[in-house]
Structure formats: C-alpha cells, structure tokens
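J.: Got a sequence here, can you build the structure:
(chains A and B)
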Amino acid sequence: QVQLQESGPGLVKPSETLSLTCTVSGGSISSYYWSWIRQPPGKGLEWIGYIFYSGSTNYNPSLKSRVNISVDTSKNQFSLNVSSVTAADTAVYFCARHPTVTTPRGFDPWGQGTLVTVSS
Amino acid sequence: QSALTQPASVSGSPGQSITISCTGTSSDVGGYNYVSWYQQQPGKAPKLMIYDVTKRPSGVSNRFSGSKSGNTASLTISGLQAEDEADYYCSSYASSTTLLFGGGTKLTVL
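T.: Below is the predicted model of the structure:
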C-alpha cells in the first residue's frame, strides 16, 4: 500500500527557510492531491496546503505569504518550503494524501511526521 | 478562516457510547458533505476513521459512526473500549477550496 515518509533538517534557525520533502512509495504520486499538515507540541493540527500532481496548489490563508509546495513526479516526491520561520513554526510536520481524485478532502494515509525545531 | 469548534474533552465508561461534536459554518461543515474524523494516539500520526461525513474506511471498526446536521458534524463511538482513548480531530473542506481542522477532543475512557 501507499506509504509516505517525511525528510529534512530537524533544526532551523530563526528567519531562515524550513524545507521538507515527502517521498511516496508503493504507488504513484500522479492523479492525487497531497497535503502538508503541522502540529505544534501539545497542540492541534493545522493544514498548511496541498498540491495536485499536476502542480496546482492551494494554501492556508494564514501561511500563504510564507509557504510554497512543489512536486517532482519523476522522483515521486513533493516538498514544502516555509520562509522567515520563527519559534511559532516549531512543530511536527506531516505529509498526507487525499484519497479522492476529484476534491481534496480526507487525509489518508499519513507520513509518520518529523519534528522541526526553530532555534538559534 | 477559523478552526472548527470541538469540545476540549469528553469521557465515558467502557461499553458506553460517546459523541464528539464539530461545529463550523455554512461555508464549510454545513456546505459540503466532506467532513472527516481522525484518531491520534500519543506520538503517532492521525488515522482516518470517517470520511465524507458517514463513510468508514476499510478496517475501521463499525463502532465508529459519523453524522451531520446543519453546521455541526458528530462522531459517535459505541461500545467504548480502553483502546479508544485518544485525541480526535474533525476536518472539513471549505468554500475557498481550503481545508480546516477542529481544535481536537481528548477522549478519556474511565
């Protein structure tokens, strides 16, 4: 079955750019929507944005000015960049697939998540 | 764009039924049949339990069910078991083609 794995630095300095990659295995990245979600320590889930395999994107309005999501179908990967990070961006970052190809709703499966800490 | 509203905590005894509510607006929960529910155990990724308001993915116990009335969706867990103790989140598609999560509900099995 489809599995997702996040990768990237666990520590990022304030004002720098956070960069993560999600690698999809066991299936093709084509034909689906893919999302990034984050969860600050001890807090709830926050949707960051999604990308369609063709490259079209949509972002959480509260993060839109700092977020970019891209896709590399040749590598079966999609990536997240968050610029000008602060301590408030410290969180576990998850990637997930939307299992329906028509509308991006529902998240399944999820990656295991990766903790990114923003600190100097 | 505000988060969906969930109770911070609910509790129940083994064998009982509990319901977790998720309140939004006509632009999200009330406007689409695209509400989903997730169970998150400590230190784990969330797991999809219900999608499209009432549908259960393969492998999810039929003790979990979903419903919606107006701008409020609900998750009901019947025959409560100790293993159901977890955090539960709702999510909804919204009119701006964005997605929202609820604040989460901690379920305690007494």
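
J.: need the residues of chain A near chain B, please.
T.: A:35, A:37, A:44-47, A:50, A:58-62, A:94, A:99, A:103-113 (C-beta under 8 Å from any C-beta of the partner chain). From N, CA and C alone the C-beta is placed, and that goes for glycine too.

J.: Any of those residues buried? List them.
T.: Buried members of those, counted by 16 or more other C-beta atoms under 10 Å in any protein chain shown: A:35, A:37, A:44-47, A:50, A:58-60, A:94, A:99, A:104-111, A:113.

J.: mind listing which of those are in strands?
T.: Applying DSSP state E to these, the entries found in strands are A:35, A:37, A:46-47, A:50, A:58-59, A:94.

J.: Tell me who's in contact with residue B:8.
T.: Neighbouring residues of residue B:8 by C-beta atoms under 8 Å, 6 or more residues apart in numbering or on different chains: B:103-106.

J.: can you list the residues of chain B near chain A?
T.: B:1, B:3, B:32, B:34, B:36, B:38, B:44-48, B:51-52, B:57, B:89, B:91-93, B:96-104.

J.: Beta-bridge partners for the most centrally placed residue in chain A, please?
T.: Closest residue to the average C-alpha location of chain A: residue A:36 at 2.7 Å, with C-alpha atoms, centre = their mean. Beta-bridge pairing for residue A:36 (DSSP bridges): residue A:49, residue A:95.

J.: do the same with residue A:116
T.: residue A:91.

J.: measure it to chain B for me?
T.: Residue A:116 sits 15 Å away from chain B, going by C-beta to the nearest C-beta, to the nearest Å.

J.: so that residue sits right up against residue A:88, yeah?
T.: No. Between residue A:116 and residue A:88 there is no contact under C-beta atoms under 8 Å: 11.9 Å.

J.: higher neighbour count, those two?
T.: When neighbours are counted by other C-beta atoms under 10 Å in any protein chain shown, residue A:116 and residue A:88 differ, and residue A:116 comes out ahead with 23 against 8.

J.: List the contacts of that one.
T.: Taking C-beta under 8 Å, 6+ apart, we find residue A:116 in contact with A:8-12, A:18, A:20, A:89-93.
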